[in-house]
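Undergrad: Can you look at this prediction? I've put the sequence above it.
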Amino acid sequence: MPRETFTYTSIASAPISEVWAALDKPETWEAIGGVDRVLDPVIEDGQLKGFSFETITRGKTYLGQARPDRREEGRLMSWSIANSEIEGKMAVALATTEERTRVTVTLDVESRGLVSTMLFPVIAGALGRGLPKAVDDFAKSLAG
């Protein structure tokens, strides 16, 4: 199956502790590309442990799942993601830069079926082109 990986880095105008805390809020994930609406978040002991999400593309809504992949407190939060067309990983890595936080988002996606394999170049192209703005918007949403 076709696979693509995209990475982009932006700066959040907040200390790493605030940015990390925001990653445990379901609504934070609605600022990243590919997640239009978070549904049914699972929160245990103040930590986001998973959620369903909607992605709207060309007027069609796809329901997806985000399940924990890796979590390194204050440094990395990674999700295994899947919907009917794609699966992969979405990771957010944080690093301190003075009073701000460097936010690096990596999206690794693979097609899941025949139709998505045929459309994958279009899907991947849209994700790749949209990632810089999505990550900049995501970083802005993490501050405050």
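TA: All right, it came through fine.

Undergrad: For the lengthiest helix in the chain, list every residue counted as buried.
TA: Taking DSSP state H as the criterion, the chain has its longest helix at helix 114-142. Neighbour-count burial for helix 114-142 flags 116, 119-120, 123-124, 127, 131, 134-136, 138-142 (criterion: 16 or more other CB atoms under 10 Å). C-betas here are computed from N, CA, C, even on glycine.

Undergrad: by contact count, what packs against it?
TA: Where contact means 3 or more CB pairs under 8 Å, 6 or more residues apart in numbering; DSSP states H and E, helix 114-142 is packed against strand 3-12, helix 16-23, strand 86-97, strand 100-111.

Undergrad: Tabulate these in a markdown table, adding columns for mean pLDDT and mean neighbour count.
TA: Formatted as a markdown table, the helices and strands packed on helix 114-142 follow (pLDDT from 0 to 100; neighbours: other CB atoms under 10 Å):
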| stretch | mean pLDDT | mean neighbour count |
| --- | --- | --- |
| strand 3-12 | 92 | 17 |
| helix 16-23 | 93 | 17 |
| strand 86-97 | 92 | 18 |
| strand 100-111 | 91 | 20 |
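
Undergrad: closest to Leu63 out of the ones you listed?
TA: strand 86-97 (12.5 Å; CB to CB).

Undergrad: Identify the residues contacting the residue most central in space within the chain.
TA: In the chain, the centroid-proximal residue (CA atoms, centre = their mean) is Met90; its distance is 4.8 Å. By CB atoms under 8 Å, 6 or more residues apart in numbering, the contact list for Met90 reads Ile32, Gly34, Ala66, Ser78, Trp79, Ile81, Val105, Thr106, Leu107, Asp108.

Undergrad: just the residues you listed now: which is nearest Gly59?
TA: Scanning the contacts of Met90 for proximity to Gly59, where the rule is CB to CB, the winner is Gly34, at 16.1 Å.

Undergrad: Could you measure from the residue nearest to Glu30 when sequence neighbours are not counted over to Val109?
TA: Nearest residue to Glu30, sequence neighbours excluded (CB to CB, 6 or more residues apart in numbering): Val38, at 5.5 Å. Per CB to CB, to the nearest Å, Val38 is found 19 Å from Val109.

Undergrad: One more: Ser10?
TA: Relative to Val109, and taking CB to CB, Ser10 is found at 20 Å.
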